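In: here's a sequence, model it:
(2 chains)
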Amino acid sequence: MTPRTILIAGFVAIFGAMAVLDLLHRRRGRGPEPLATALSAAMRTPVGRILVLGWWLWIGYHFLAR
Amino acid sequence: MVESQQREETVSRPLLLSRFAVVAVCVTAYSLVAAAARPLTLPSTFTVLLPGLALAVWGIWRAPKRAVRTNRLTVVTWFFLLGLFCAWELVAFWWGNDQAHPTLSLAFDPVLENYLARVAGYVLWLGTGAWLVSR
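Out: Model prediction:
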C-alpha cells in the first residue's frame, strides 16, 4: 500500500462517514441532524455567516483558481 | 386559515421552482465559460473571485432567512468530522505534500485538469454558494 493510497483512503473514509451520518438521519431520523441543518444553524449569526461563507470562498479559490 | 395557507403554498411553489431554474441555468452557463480558464492564471482568479466575493458579501449582508436550531450531538459530530478532515490534511501536508503524499486539493489536481470536471467543480461550488446565501 503506497502513502498515496493510504491518504486517499483516509479522505474517502471521512467523506463516507459524513455521507452515512447524513443519510442515516434523513432516512431513519437517527443520529445527528444532516450537514445542511448544521450549516443553516451556523448561518444564524453574523460571525457564523462570515466563517461559513469565508470557508466556502477559500475552497473555491483553492481548488479552482490556485 | 388552512385554506389560505394551502393557497399560499400553491402560489409560492411555482415561484420557487422558477427561481431554482433561473439559478441553475445561470450557474451552469457561468461554469461552462469559467471552466475554460486554466488554473494558476489571472483569468481563473477572476472567474472564481468575481462570483465568490459577490455571493459572500451578499450572504454576509443579508439577514438570516429562518431561525434554524440544532442540538449538541449535531454540533459535536460535525465539528469532530471537520477536525478529523483538517488533521488528515495536516498529515498529508507534513508527510510530503506532493503527488505521492497528496492533500485533498493535490489529489484533485489531475482530475481538475479536465474541462468537464472543472465545469462540474464550478457547478458544485457555485450551487453550494447560492444555497448558503439563501439560508
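
In: which residues sit against stretch B:100-110?
Out: Here stretch B:100-110 makes contact (C-beta atoms under 8 Å, 6 or more residues apart in numbering or on different chains) with A:2-4, A:7-8, A:11, A:62-63, A:66, B:89, B:92-93, B:95, B:97-99. Placement of C-beta: from N, CA and C, glycine included.

In: ditto for stretch A:57-66
Out: If you take C-beta under 8 Å, 6+ apart as the criterion, stretch A:57-66 is touched by B:34, B:39-40, B:44-45, B:47-49, B:52-53, B:56, B:105, B:108, B:112, B:118, B:121-122, B:125-126, B:129.

In: again, but for stretch B:41-54
Out: Stretch B:41-54 has contacts (C-beta under 8 Å, 6+ apart) with A:56-57, A:60-61, A:64-65, B:30, B:33-34, B:37-38, B:126, B:129.

In: can you get me a residue count around A:Trp55?
Out: Neighbour count for A:Trp55, taken as other C-beta atoms under 10 Å in any protein chain shown: 12.

In: give the helix, strand or coil label for it.
Out: For A:Trp55, the assignment made with DSSP: H, G, I helix; E, B strand; the rest coil gives helix.

In: any idea how far it lies from chain B?
Out: For A:Trp55, the distance to chain B equals 10 Å [C-beta to the nearest C-beta, to the nearest Å].

In: can you map out the strands along chain B?
Out: With DSSP state E, there are no strands along chain B.

In: report the residue spans of it with pLDDT below the cut-off.
Out: B:1-16, B:66 (pLDDT under 70).

In: so which residues of it form helices?
Out: Using DSSP state H, the helices of chain B run over B:2-34, B:42-61, B:72-95, B:104-112, B:115-133.
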